[in-house]
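>>> Here is the input, now give the coordinates:
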Amino acid sequence: MVPLRLVVGEKQKNSAQLLDLDEVRMPKLLSVNVGPPRDVTWKSKTVRTSVWKFPVDGRRMVHKLDIDGDAQADLAGHGGEHRAVR
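Next comes the predicted model:
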């Protein structure tokens, strides 16, 4: 098992150390990125991918399975109720 390392302020802590709650800050959301699937040529074949995502301005509705304006190409491997919001 690899120890977890956290950087809190300027101090680095590993998973064996306890965090002081006064040191913990709420994370800041920097960007919401969305994008549709697209067909690309790779190794002489056409494949569908959603690897390209771009930042959006303003708010986006987050649903149980997706974010408005976003989609996945491979729903078998990415997406579903028990996976990260795509």
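>>> mind checking pLDDT for P36?
Confidence per residue is given as pLDDT, and for P36 that number is 91.
>>> For the closest residue to it other than its chain neighbours, list the residues it contacts.
Leaving out its chain neighbours, the residue that sits closest to P36 by CB to CB, 6 or more residues apart in numbering is A71, at 5.1 Å. Quick note: C-beta positions are derived from backbone N, CA and C, even for glycine. The neighbourhood of A71, defined by CB atoms under 8 Å, 6 or more residues apart in numbering, consists of G35, P36, P37, S50, R86.
>>> The third one: neighbour count?
To tie it back to what came earlier, the one meant is P37. For P37, the neighbour count with other CB atoms under 10 Å is 15.
>>> Next, give phi and psi for it.
For P37, the backbone dihedrals (degrees, to the nearest 10) come out as phi -70, psi 150.
>>> which residues does it contact?
With contact taken as CB under 8 Å, 6+ apart, P37 is in contact with R48, T49, S50, A71, Q72, A73.
>>> can you do 10 Å?
If a contact means CB atoms under 10 Å, 6 or more residues apart in numbering, then P37 has R48, T49, S50, V51, W52, D70, A71, Q72, A73, D74 as its contacts.
>>> Of those, just say which sits nearest to W42.
For these, the closest approach to W42 (CB to CB) belongs to T49, at 8.2 Å.
>>> Looks like the closest one contacts D74 (just checking).
Yes: with contact defined as CB atoms under 10 Å, T49 and D74 form a contacting pair (8.1 Å).
>>> picking up where we left off before, which one of the contacts of A71 has the most neighbours?
Among those, S50 has the most neighbours (other CB under 10 Å), with 18 neighbours.
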